[in-house]
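Colleague: Below is the structure, and that's it, no one-letter string:
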């Protein structure tokens, strides 16, 4: 018998991946979580599926529980990760799609910001329960009773978890998308021209650069702090890999850079800025995290 909810549940895939990516910081794991959700849906009997009034809400709830379990095991796995773990970068527009464009423009801003690398890095510092409570409530508009059913806490406890998480999020925006893009473009030009003084001038004196090679690609293992130290390191990178070409692009919805060799992506760079200078650089070189960029 054909599933009468087939069109509806298939249409939920984009929503599930959007949710799971924000919860897990990994597109590959988000796709696995979505697939597992479908597996559990079709493991139900026809009678069980018929009894579910809102299949989309059921699938979102199940996906959230899967992600909560994965977040708990991810912390243990990352204890053995080589170097720093950075959320998997996605090309601009990758997570947009039919069925996920909010009607309110203000919500579009919130959703765009919620996939920025800076945002995901903060999310990754939270406990699994904090992260799930915050993302589900503040981004996906779940009620706290609904979240309580997923997290296994009381609604009041989930409200407190979301509040704790919210205090870690920097909501200040003192720069436009154009200003951010101009800074990244200037960084690219200074890097390509080996202009170390220009690089230092673009970086905040307390800037921090973090790389993720995962033990599979050459990358510095410890974060680099300070404008002069970062500029020096980027000059070394340019000297060691003159064959790499840089392309401007959107990384997680914001201005970033992609490094390519013969058209193949070997690195993705995300940036955070404040007061007209670059404050953070995230360099992702782990080839297992660059899958979405190979078709760009």
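Modeller: Cool, the structure landed. Being a predicted model, the structure only gives us computed values, none of them experimental. Residues are numbered from 1 along each chain as shown.

Colleague: Could you give the number of residues near residue 24?
Modeller: 24 (other C-beta atoms under 10 Å). Bear in mind the C-beta positions are built from the backbone N, C-alpha and C, glycine included.

Colleague: and if you look at residue 120?
Modeller: Look at residue 120: counted by other C-beta under 10 Å, it has 23 neighbours.

Colleague: what are the ranges of the helices in the chain?
Modeller: Counting by DSSP state H, the chain has helices at residues 6-10, 13-24, 27-43, 46-50, 55-78, 105-113, 117-124, 128-134, 144-151, 155-166, 177-192, 196-202, 227-240.

Colleague: Need those in TSV (columns: distance to residue 281 and mean pLDDT).
Modeller: Output for these, formatted as TSV (distance: least, C-beta to C-beta, whole Å; pLDDT from 0 to 100):
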stretch	distance to residue 281	mean pLDDT
helix 6-10	39	71
helix 13-24	22	93
helix 27-43	21	94
helix 46-50	48	91
helix 55-78	21	91
helix 105-113	19	54
helix 117-124	10	94
helix 128-134	24	96
helix 144-151	34	96
helix 155-166	25	96
helix 177-192	8	95
helix 196-202	11	98
helix 227-240	7	96
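
Colleague: Would you mind putting the ones you listed into CSV with distance to residue 263 alongside?
Modeller: As requested, these are arranged in CSV below (distance: least, C-beta to C-beta, whole Å):
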stretch, distance to residue 263
helix 6-10, 34
helix 13-24, 26
helix 27-43, 21
helix 46-50, 46
helix 55-78, 32
helix 105-113, 28
helix 117-124, 24
helix 128-134, 36
helix 144-151, 43
helix 155-166, 40
helix 177-192, 18
helix 196-202, 26
helix 227-240, 19
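
Colleague: So which of these is nearest residue 91?
Modeller: For those, the distance to residue 91 is smallest for helix 27-43, at 10.1 Å, taking C-beta to C-beta.

Colleague: quick one, the closest one and helix 55-78 angle?
Modeller: 130 degrees (axes from the mean of the first three to the mean of the last three C-alpha atoms, to 10 degrees).

Colleague: what's the closest of the helices of the chain to residue 218?
Modeller: Among the helices of the chain, helix 227-240 comes nearest to residue 218, with 8.5 Å by C-beta to C-beta.

Colleague: Tell me which other helices or strands the closest one touches.
Modeller: Judged by 3 or more C-beta pairs under 8 Å, 6 or more residues apart in numbering; DSSP states H and E, helix 227-240 is in contact with helix 177-192, helix 196-202, strand 203-212.

Colleague: Counting neighbours, which bits of the shortest one end up buried?
Modeller: It refers to helix 196-202. 196, 198, 199, 200, 202 (16 or more other C-beta atoms under 10 Å).
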